[in-house]
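In: Sharing a model prediction with you, sequence too.
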Amino acid sequence: MSEILQINNLSKSYRHIVAVDNLSLTVKQGEIFGILGPNGSGKTTTLSIILDIIQAEQGSFQWFGESVSINTKKRIGSLIETPNFYPYLTILQNLKITAKIKQIPKTDIDRVLTLVDLLKRKNSPFQTLSLGMKQRLSLAALLLGDPEVLVLDEPTNGLDPEGIAEVRNIILDQAKRGKTIIIASHILDEVEKICTHVAVLKKGKLISNGKVSELLNPEDQLIISSQNIEGLYELMIRSGMCKKITKQIDDLIFTLNKNQTASEINEFAYKNGFVLSKIELRKKSLEAQFLELVK
Amino acid sequence: MKRLFEIEFQKLITYTTFWVLIGIHLCLFLLVVFIATQINISVPGFEMKTFFAFPMVWNFIPWLASWFNLLLTILMIVLVGNEFQYRTFRQHIIDGLSRNELIIGKGLVILSIALYSVILVFFTSFTVGLIYSESFSINMLFDKLYILVVYFIQAVAYMSLGMMLVILLKNIALAIVSFILYFFPVEPIIRNIFPDSILSFFPMKVISNLTPMPDIISIQSTNIQAQANGNAMKMLAIDNIQEISLSTNIGFALFYIAIITIISIFIINRRNL
């Protein structure tokens, strides 16, 4: 897969606050790449730098193997934070301006408005739209010209559950069409549901980077229970088969080692005279993983 | 260039504030011209209505119009300030405009508004001249037409300064207040500190001197002198009573426009949007 975005040692400070600290990342074609981090971790600054609206102090980045230019921008559709449109213009008039800037025929406007279900409202002024509609309009604007890459910053921010589902469906639909999507969010559920890859930022630094599935798998947790919980607890500690074991009333909770399965634990307990009354595999959530990372 | 013009046109065509301010400019200007034509001052050596006859009308009406450049500058500040307020400059960069194109686009708006103002001044001056001139030749009709070009430069200079201020301050109200403060008390106070030989070269002085106030006293004394010598009344040309020559003034005004534009481009290229 070819590289879509290459970030090398990017740094940016605001006076004494380090927003992005020596960040390096690579996004490959077809990936849905999540940039995850708490508020103030440098997600928006990173996206703003790679979209040329903020200038980095150090480092470089390349889109499609070249420096950012008018031509590379045509291949990227972006939504940074809030929808930015002229409030007194209608949906159609706003999109005409975007189409002119992107040098795309106006005929594409109806196509994108259909995609985001705003065609019937195309003559409504922007200021009369609900937040969900404004966000959908932003998606329509970024889809103009059918760009190869979508860059989204907190796309579901401030939306109600219905709005979140609508925006998420549009993004997933684009992902199915093979688009590369870079999405910054502090909503773990969003990243978990949408992304294939994730980079976790903390105070501008990259602290973890990889496939979402890889980030979750090694941390599977097992919950087991038996009539003799004390004996089982001692056995499991002595065995060294598990890590981070904790006893919670009638349950033992521990993290499985790599390549270890629940049935192996069940078999081991049985052979040592313990019949398990409960055995439950729980995937450690990205939230738990995330909190551990940014602690 | 055509694309940038079309983008700016699309923004303005349905923008109520733009049309309201243009409407106010048009009505106020015509009202002031009408009121001025109704004033009948007549003293030895000077009659008010001579200001409305050819060729003097080409000096007087642009001078009146120059006061309304303040309104056009406020309009320009609002138009550029909106781009920061709505964060649309930022969106335009994301969508594919270059930072220089943002300035070129607004430069086209400045030129368009200045052109509208020149057309308004031309038709007003021409109509007033036709009404108030007792006799005139074709030569007299178009003798001082170049003053419209000078007025155009002046309008562009004021609006460019307004644009630079709002790009610098990113706030409409602050930019308007700064412009008015600089125009009225700040530069005149600064000028007082400097020797007379250079005070005519300060930006506001240079720009406002492009269409100077008719010097009634000079006109009056010249005419009295002419009458005493038995000559017909002569109107003193405005460019003869300027502190520095008109061509020097135009040169400096163009220089300031260039400097203001360069500063605007510099700020927009250096700033995080």
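Out: Good, I have the coordinates.
In: For the strand or helix carrying residue A:22, give me every contacting residue.
Out: Per DSSP states H and E: residue A:22 is located in strand A:17-28. With contact meaning C-beta atoms under 8 Å, 6 or more residues apart in numbering or on different chains, strand A:17-28 is reached by A:1-13, A:33, A:42, A:45-46, A:49, A:56, A:58-59, A:180, A:182, A:197, A:199, A:201, A:203-206, A:209. From N, CA and C alone the C-beta is placed, and that goes for glycine too.
In: how about the residues of the stretch 1-150 of chain A that lie near chain B?
Out: Residues of the stretch 1-150 of chain A lying close to chain B by C-beta under 8 Å from any C-beta of the partner chain are A:48, A:51-55, A:70, A:73-74, A:78, A:80, A:82, A:84-90, A:93, A:96-98, A:100-103, A:141.
In: From the contacts of strand A:17-28, list the buried ones, please.
Out: Buried members of those, scored by 16 or more other C-beta atoms under 10 Å in any protein chain shown, are A:4-7, A:10-12, A:33, A:42, A:45-46, A:49, A:56, A:59, A:180, A:182, A:197, A:199, A:201, A:203-204, A:206, A:209.
In: Do you know the pLDDT at the residue nearest the centre of chain B?
Out: With distances taken as C-alpha atoms, centre = their mean, the residue of chain B nearest its centroid is residue B:155 (3.1 Å). pLDDT for residue B:155: 96.
In: where's it relative to residue B:183, distance?
Out: For residue B:155, the distance to residue B:183 (C-beta to C-beta, to the nearest Å) stands at 14 Å.
In: that older thread, just checking, which of the buried ones among the contacts of strand A:17-28 belong to helices?
Out: Counting by DSSP state H, the buried ones among the contacts of strand A:17-28 place A:45, A:46, A:49 in helices.
In: So which of those residues is the closest to residue B:143?
Out: Closest approach between those and residue B:143, by C-beta to C-beta: residue A:49, at 58.6 Å.
In: List the residues that contact the closest one.
Out: Per C-beta under 8 Å, 6+ apart, neighbours of residue A:49: A:10, A:12, A:20, A:55, A:56, A:61.
In: go with 7 Å
Out: Contacts for residue A:49 (C-beta atoms under 7 Å, 6 or more residues apart in numbering or on different chains) come out as A:10, A:12, A:20, A:56, A:61.
In: Just send those back as TSV, with pLDDT too.
Out: As requested, the contacts of residue A:49 are exported to TSV (pLDDT from 0 to 100):
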residue	pLDDT
A:10	92
A:12	92
A:20	92
A:56	90
A:61	93
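In: Would you mind confirming that residue A:38 is in contact with residue A:184?
Out: No: if you go by C-beta atoms under 7 Å, residue A:38 and residue A:184 don't touch, sitting 11.9 Å apart.
In: neighbour count winner among the two?
Out: Just comparing residue A:38 and residue A:184: by other C-beta atoms under 10 Å in any protein chain shown the higher neighbour count belongs to residue A:184, 26 against 14.
In: which phi and psi does the more buried one have?
Out: phi -100, psi 140 (degrees, to the nearest 10).
In: Residue A:43 is in contact with that one, correct?
Out: Yes: counting by C-beta under 7 Å, residue A:43 is a contact partner of residue A:184 at 3.9 Å.
In: so what's in contact with the two at the same time?
Out: With C-beta under 7 Å, 6+ apart as the test, residue A:184 and residue A:43 both reach residue A:35.
In: ok, which stretches of the chain are strands?
Out: Unless you meant another one, I'm taking chain A. Listed in chain order, the strands of chain A (DSSP state E) span A:3-14, A:17-28, A:32-36, A:58-63, A:76-79, A:149-153, A:180-185, A:197-202, A:205-211, A:221-226, A:242-248, A:251-256, A:276-282.
In: oops, chain B please
Out: B:42-43, B:46-47.
In: could you dump those to TSV with distance to residue A:107 and mean pLDDT?
Out: Putting the strands of chain B into TSV (distance: least, C-beta to C-beta, whole Å; pLDDT from 0 to 100) gives the following:
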stretch	distance to residue A:107	mean pLDDT
strand B:42-43	67	72
strand B:46-47	64	71
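In: which of those is buried the deepest?
Out: Highest mean neighbour count among those (mean count of other C-beta atoms under 10 Å in any protein chain shown): strand B:46-47, with a mean of 18.
In: one step back: CSV please, covering the strands of chain A and showing distance to residue B:111.
Out: Below are those laid out as CSV (distance: least, C-beta to C-beta, whole Å):
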stretch, distance to residue B:111
strand A:3-14, 37
strand A:17-28, 39
strand A:32-36, 43
strand A:58-63, 34
strand A:76-79, 31
strand A:149-153, 35
strand A:180-185, 39
strand A:197-202, 45
strand A:205-211, 48
strand A:221-226, 68
strand A:242-248, 70
strand A:251-256, 69
strand A:276-282, 67
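In: Just give me the neighbour total for residue A:15.
Out: By the measure other C-beta under 10 Å, the count of residues near residue A:15 is 4.
In: Kindly report the same for residue A:181.
Out: For residue A:181, the count of nearby residues is 23 (other C-beta under 10 Å).
In: check contacts around it.
Out: Contacts of residue A:181 by C-beta under 7 Å, 6+ apart are A:32, A:33, A:150, A:152, A:171, A:174, A:175.
In: Farthest pair within these?
Out: Based on C-beta to C-beta, the longest span within the contacts of residue A:181 runs between A:33 and A:174 and measures 13.4 Å.
In: just to revisit the earlier point, please flag which of the residues of the stretch 1-150 of chain A next to chain B sit within helices.
Out: A:48, A:70, A:73, A:74, A:93, A:96, A:97, A:98, A:100, A:101, A:102, A:141.
In: Restricted to buried residues, select the residues you listed in PyMOL.
Out: To isolate the buried members of these in PyMOL, using 16+ other C-beta under 10 Å:
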select buried, chain A and resi 48+73+74+93+96+97+98+100+101+102+141
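In: Find out how far stretch A:195-207 is from the centre of the chain, if you would.
Out: 9 Å (C-alpha atoms, centre = their mean, to the nearest Å).
In: Can you give me the first-to-last residue distance of it?
Out: End-to-end distance of stretch A:195-207: 17 Å, with C-alpha to C-alpha, to the nearest Å as the criterion.
In: Any idea how many residues pack against residue A:235?
Out: Per other C-beta under 10 Å, the neighbour tally for residue A:235 reads 18.
In: Show the model's pLDDT score for it.
Out: Looking at residue A:235, its pLDDT reads 87.
In: And for residue A:21?
Out: Residue A:21 is assigned 90 on the pLDDT scale.
In: From residue A:191, how far out is it?
Out: When distance is defined by C-beta to C-beta, residue A:21 is 21 Å away from residue A:191.
In: Looking at the two, which one has more neighbours?
Out: When residue A:21 and residue A:191 are compared for neighbours, residue A:191 comes out ahead with 24 against 18, by other C-beta under 10 Å.
In: Please identify the buried residues of stretch A:146-154?
Out: A:147, A:148, A:149, A:150, A:151, A:152, A:153, A:154.
In: isn't the fifth one right next to residue A:53, touching?
Out: Right, the one you point to is residue A:151. No: using C-beta under 7 Å, residue A:151 makes no contact with residue A:53, being 11.4 Å away.
In: Which of the strands of chain A comes out lowest on mean pLDDT?
Out: Averaging pLDDT over each of those puts strand A:242-248 lowest, since it has a mean of 77.
In: for that strand, which positions count as buried?
Out: For strand A:242-248, a neighbour-count test (16+ other C-beta under 10 Å) marks residue A:242 as buried.
In: Could you list the low-pLDDT ranges of the stretch 1-150 of chain A?
Out: A:1 (pLDDT under 70).
In: ok, residue B:20 - how many residues close by?
Out: 11.
In: OK, contacts around residue A:150?
Out: Residue A:150 touches A:77, A:142, A:174, A:179, A:181, counting by C-beta under 7 Å, 6+ apart.
In: Nearest to chain B among the contacts of residue A:49?
Out: residue A:12 (9.2 Å; C-beta to the nearest C-beta).
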